[in-house]
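Visitor: The sequence and its predicted three-dimensional model are supplied below.
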Amino acid sequence: MPQGGTRVAWPQTLARKRQMPLRAAHLRFARNESTGGVLHCFVLDCSASMLRNEQLALAKGMLVACFDRAAAAGAEVALICFGGTRADLRFGPAVPRWWNERWLAPVAGGGATPLAHGMATAARLLDNRRRRKPGQQRVLWLITDGRTEERAARPPAADDLVLVDCERAVPALGRCVELAREWNAAYTRPEDLIMRT
């Protein structure tokens, strides 16, 4: 049995993994102590560049896997989609008890990448949750290909931050790696999260 608990602590696991393939030795586990629960806030880039190389489809598959895990653990999730000139809360915060891929089918891509707007929307949501549920752990997941020069501030109410790099273009710009370093965020690829361990 893993030390501390039986639930995988994904931010800590991904921080340990860095850019290596995920291995059992990287796994970190959450303590089983009773707390205020966990909120996973997913911020999904739906800009036109995410339509290339099926990046948005890959991100959606990853979200289904993550939402399934959250439902099994009784964790709350929120989904914010940004693209064009908008950033919209599409789900939550709530436990995704009835979530499935049909909920993601209407999520389309196109337009510019309003990264700052998407992160500001997430920052407001997380700040509100911090006031309402101060004991809750808040994990922010930014899912993007990094194909923008726009910069955004790291939301201060996020306890942990995970940057999911969807970029599959050649040559890669590598902006997701830079942003993860700037924010001191865990870095991963969607494939690592789709694969159950």
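Guide: All right, it came through fine.
Visitor: can we go C-alpha only for contacts and neighbour counts from here?
Guide: OK.
Visitor: ok, what's across the strand from the residue nearest the centre of the chain?
Guide: Nearest to the mean C-alpha position of the chain, by Cα atoms, centre = their mean, lies W141 at 2.2 Å. Under DSSP bridges, the beta-bridge partners of W141 are F42, V162.
Visitor: And A186, by the same measure?
Guide: Here A186 sits in beta bridges with V162, as judged by DSSP bridges.
Visitor: what's the burial count for it?
Guide: Number of residues near A186 (other Cα atoms under 10 Å) recorded here: 24.
Visitor: Tell me the confidence at it?
Guide: On the pLDDT scale, A186 is placed at 92.
Visitor: element containing the closest residue to T188 other than its chain neighbours, please.
Guide: Nearest residue to T188 in three dimensions, chain neighbours excluded: V164, at 5.0 Å (Cα to Cα, 6 or more residues apart in numbering). Secondary structure assigned from DSSP states H and E places V164 in strand 160-165.
Visitor: Pretty sure F67 sits against A94.
Guide: No: with contact defined as Cα atoms under 8 Å, F67 does not count as touching A94 (10.7 Å).
Visitor: For A73, give me phi and psi.
Guide: Note on A73: its backbone torsions stand at phi -90, psi 0 [degrees, to the nearest 10].
Visitor: From C66, how far off is it?
Guide: 11 Å (Cα to Cα, to the nearest Å).
Visitor: between the two, who's got more neighbours?
Guide: Taking neighbours as other Cα under 10 Å, A73 and C66 compare with C66 leading, 18 against 14.
Visitor: What sits closest to the more buried one if chain neighbours are left out?
Guide: In this structure, C66 finds its nearest non-sequential neighbour in L193, 7.1 Å apart by Cα to Cα, 6+ apart.
Visitor: ok, how many other residues are close to the one you found?
Guide: There are 19 residues near L193, going by other Cα under 10 Å.
Visitor: quick revisit: what helices or strands is the strand holding V164 leaning on?
Guide: Applying 3 or more Cα pairs under 8 Å, 6 or more residues apart in numbering; DSSP states H and E, we find strand 160-165 packed against helix 10-17, strand 137-144, helix 175-183, strand 186-188.
Visitor: Which strands or helices does the second one pack on?
Guide: Using 3+ Cα pairs under 8 Å, 6+ apart as the contact criterion, the secondary-structure elements in contact with strand 137-144 are strand 38-45, strand 160-165.
Visitor: Can you tell me which of these is nearest to T113?
Guide: Closest approach to T113 among the helices and strands packed on strand 137-144 (Cα to Cα): strand 38-45, 7.1 Å.
Visitor: For the closest one, give the mean pLDDT please.
Guide: In this model, strand 38-45 carries a mean pLDDT of 96.
Visitor: now do stretch 115-135
Guide: Per-residue scores along stretch 115-135 average to 95.
Visitor: now the strands: where do they sit in this structure?
Guide: Secondary structure of the chain (DSSP state E): strands at 7-8, 29-30, 38-45, 76-83, 86-94, 137-144, 160-165, 186-188.
Visitor: Now render the ones you listed as TSV, adding distance to R151.
Guide: Output for the strands of the chain, formatted as TSV (distance: least, Cα to Cα, whole Å):
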stretch	distance to R151
strand 7-8	30
strand 29-30	32
strand 38-45	14
strand 76-83	14
strand 86-94	15
strand 137-144	13
strand 160-165	14
strand 186-188	17
